[in-house]
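Visitor: fold the following for me, if possible:
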Amino acid sequence: MDLLLTHGYFLYEDEKELQIMRPYPPLGLLYLCSHLRAKGVAVEVFDSTFSTRQQLYDLLCTGKPSVLGVYANLKTRPVVVEILKAAKEAGWKTIAGGPEPVSYAREYLEAGADVVVAGEGELVLEELLPALREGSKSALTAVKGIAFLDDDGALHRTPGRQIANLDPQPWPARDAIDFGKYLGAWRKHHGVTSVSLLCARGCPYHCNWCSRTVFGNTHRRRTPAKVIDELQWMLEQYSPTMAWMADDVFTIHHGWLYEYAAEMKRRGLRVPFECISRANRIDAKVADTLAELGCFRIWVGSESGSQRILDDMERGVSVEGVRAAVDLCRSRGIETGMFLMWGYDGEELEDIEASIGHVKKTCPDVFLTTVVYPVKGTGYYDKVADRIVTSASWEKSSDRDLQVRGRRSRSFYQDVDRLLRSEVELGRLLEGEKNPNPLTVEALRNRIAEERTGVYAGWNAMEARQ
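Guide: Residues are numbered from 1 along each chain as shown. Below you'll find the predicted structure:
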């Protein structure tokens, strides 16, 4: 084995995902695996999703040491640091890649990584593996797209690279993992099976809280026929009942979407699927096309109901545009999901009220909320950098744990969340029933009044302390 690939996500340690149970394979690692195998590299994948840390540690200790590549993101940092340490103790050379290590290159290198990969890994690893076998720092300087420490502890970075044309790339090496475990989890918990695939890499938009460390600001698409070839193969191989189109913005290129739909129709294929889009990339024709293709749910990043906040985020969408996009999809029988953020820098109480009113008026089928956190390498991080507070050591925390001085507490935003959900519940009750039970309505209104009082009291208490 020339290379062992793994990641730091263990499903059985994730209480929230154990309730949701919608796991998908690590496509990024599987793309690396298939690319390198096609170049004659002996690559294996240890899929941690359904495994345990001890199983991985046992493999590292009992197997012949080689090179270990670990995918890391901000959620898995503490586990990845432990994996790197265990690998080094067992005599392995180590590589850290993924969206986070490039922003914390020195930290990952000092935590046990010999090399950090910046950006896409396929072409980098082609050059990096021979350089690691050579074992000299001078060999590393010729490898593009990495960071490493020299013998004096100085940090060196080399310029990255990307794959311009995605079409010749082999499909993810799904045979390198136990794919049946993913299908089985879906079948057991939801009565359906789902597969995932990527049509493109990257997003050209500039939302200032979003990390672009892997793909930059590029957007590269596979041709529709190539995507459909892979989808058709998966339908024949796994017989899934639905699909997840994992692009950042599935409907970004309308011409591509229409060509894709025409080719699906020509082949007689129609697969229920869900995807992510942006409000400004959904119009009537796009909504019609999605419905014809079998899209049953589309996720839209709303983030806020305050146009002032959206503009400050550099989202490039409008509140009214989000509502219009949701209405278009609903009228075609497509469910909508909405993402929202609390606590963006400069958010005022009226912005919170605007978001609550926005969700209540738009009425998506489902909405998910989060408190915005500063991810290193983003514009938002730079904006609040002088006010970032951390209470834990780097290796035991993540950017999700970073606090911004002057912002409300997480418990405050939990109160805001409860108020939002109560308001939406009341709105759905009044909209959905001709004669709702007046006692139920009164109880909801009383609860909302109490929750709003609590939110305003929490806000004012913070104002008084400042």
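
Visitor: how about the strands in the stretch 201-350 of the chain?
Guide: 220-221, 242-245, 273-277, 295-303, 335-342 (DSSP state E, counting those that start in this stretch).

Visitor: quick one: strands adjacent to the last one?
Guide: When sheet partners are counted by DSSP bridges, strand 335-342 sits next to strand 295-303 (parallel), strand 366-371 (parallel).

Visitor: what's the average pLDDT for the longest one?
Guide: Mean per-residue pLDDT for strand 295-303: 96.

Visitor: any low-confidence regions in the stretch 351-466 of the chain?
Guide: 463-466 (pLDDT under 70).

Visitor: now the strands for it?
Guide: 366-371, 388-389, 403-404.

Visitor: and the first one, how far out from the chain's middle?
Guide: Translated: strand 366-371. How far strand 366-371 lies from its chain's middle: 14 Å, per Cα atoms, centre = their mean, to the nearest Å.

Visitor: returning to what we had before: the strands of the stretch 201-350 of the chain into JSON lines, with extra columns for mean neighbour count and distance to Ile146?
Guide: No exception for glycine: its C-beta is placed from N, CA and C like everyone else's. Shown next, in JSON lines, are these (neighbours: other Cβ atoms under 10 Å; distance: least, Cβ to Cβ, whole Å):
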{"stretch": "strand 220-221", "mean neighbour count": "16", "distance to Ile146": "21"}
{"stretch": "strand 242-245", "mean neighbour count": "19", "distance to Ile146": "31"}
{"stretch": "strand 273-277", "mean neighbour count": "21", "distance to Ile146": "30"}
{"stretch": "strand 295-303", "mean neighbour count": "23", "distance to Ile146": "32"}
{"stretch": "strand 335-342", "mean neighbour count": "20", "distance to Ile146": "33"}
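
Visitor: in JSON lines, list these along with distance to Thr141.
Guide: Shown next, in JSON lines, are the strands of the stretch 201-350 of the chain (distance: least, Cβ to Cβ, whole Å):
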{"stretch": "strand 220-221", "distance to Thr141": "28"}
{"stretch": "strand 242-245", "distance to Thr141": "40"}
{"stretch": "strand 273-277", "distance to Thr141": "39"}
{"stretch": "strand 295-303", "distance to Thr141": "40"}
{"stretch": "strand 335-342", "distance to Thr141": "41"}
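
Visitor: if we can go back for a sec, kindly reformat the strands paired with strand 335-342 as CSV containing distance to His156.
Guide: Shown next, in CSV, are the strands paired with strand 335-342 (distance: least, Cβ to Cβ, whole Å):
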stretch, distance to His156
strand 295-303, 37
strand 366-371, 36
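
Visitor: between those strands, which one is nearest to Val359?
Guide: Across these, Val359 has its closest neighbour in strand 366-371 (5.9 Å, Cβ to Cβ).

Visitor: elements contacting the one helix or strand Arg37 maps to?
Guide: Assessed by DSSP states H and E, Arg37 sits inside helix 27-38. The contact analysis (3 or more Cβ pairs under 8 Å, 6 or more residues apart in numbering; DSSP states H and E) places helix 27-38 against strand 3-7, strand 43-46, strand 67-71, helix 122-134.

Visitor: looking at these, which is closest to Ala164?
Guide: Ranking the helices and strands packed on helix 27-38 by proximity to Ala164 (Cβ to Cβ) places helix 122-134 first, at 10.4 Å.

Visitor: burial count for the residue lying closest to Ala291 once chain neighbours are set aside?
Guide: Once flanking residues are discounted, Ala291 sits nearest to Arg332: 4.0 Å by Cβ to Cβ, 6 or more residues apart in numbering. Using other Cβ atoms under 10 Å, the number of residues around Arg332 comes to 17.
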